[in-house]
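Trainee: sequence first, then the predicted structure, then my questions.
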Amino acid sequence: MSFSVYAERADRDKPIHLEADRATVEDINRKDSTRVSIFTGNVILTQGTLHISADKVVIKEDINGFRHATATGNLVSFRQKRDGTDEYVEGWSKRAEYDNRTDKIELFKQARLKRGEDEVNGDYISYNMNSEFFQVIGSYEHGEETDTDNRVRIIIQPKNKSAESSSE
């Protein structure tokens, strides 16, 4: 099952803006290893139309400039505009991992992804921001039950819903 949910392509070329109560950033001039930056307290990460809010964000940047962010919190949220439309994709979970090399976001524990009125829920959601592919897994499939509701739930609205209601 998939949604046509292409991320705003221009986001990748935009600078990353971060806000937090506290930050620890390793030496910018390191030349041979991964740099780790830790942001805590009401963290807001913005890159173009991509917006991530969390209690804590750890960003690892490799020597080629690719970044992997792990966001944790009571509820982490992300939102990003779809390419070529006025529609947004939104997600929530206890932990989110975003990799800008693959343009993939993974949502862990109490994961929820929404586009318009369509919505998916599960213990784990993997969402590729450049394609229409996502994967949803219930808690039993991870080998342990992490939530009392271990089922995947999906709501897909009819595509012609507004056309039908206007003709009645």
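Mentor: Yep, it's here. If you're wondering where the values come from, they're calculated on a predicted model, not measured in any experiment.

Trainee: quick one, what contacts residue 135?
Mentor: 124-126 (C-beta atoms under 8 Å, 6 or more residues apart in numbering). Every residue, glycine included, has its C-beta placed from N, CA and C.

Trainee: how far away is residue 63 from residue 14?
Mentor: Plainly put, residue 63 is 22 Å away from residue 14 if you go by C-beta to C-beta, to the nearest Å.

Trainee: typo on my end, residue 114
Mentor: Distance, residue 114 to residue 14, by C-beta to C-beta: 23 Å.

Trainee: which one's more surrounded, those two?
Mentor: A side-by-side neighbour count of residue 114 and residue 14, using other C-beta atoms under 10 Å, places residue 114 first with 17 against 13.

Trainee: quick check: closest non-adjacent residue to the more buried one.
Mentor: The spatial neighbour of residue 114 that comes closest, neighbours along the chain excluded (C-beta to C-beta, 6 or more residues apart in numbering), is residue 90 at 4.8 Å.

Trainee: by contact count, what packs against the strand or helix carrying residue 74?
Mentor: Using DSSP states H and E, residue 74 sits in strand 67-81. Where contact means 3 or more C-beta pairs under 8 Å, 6 or more residues apart in numbering; DSSP states H and E, strand 67-81 is packed against strand 35-47, strand 50-61, strand 88-99, strand 104-115.

Trainee: now render these as CSV, adding mean pLDDT.
Mentor: Converted to CSV, the helices and strands packed on strand 67-81 look like this (pLDDT from 0 to 100):
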stretch, mean pLDDT
strand 35-47, 94
strand 50-61, 94
strand 88-99, 94
strand 104-115, 91
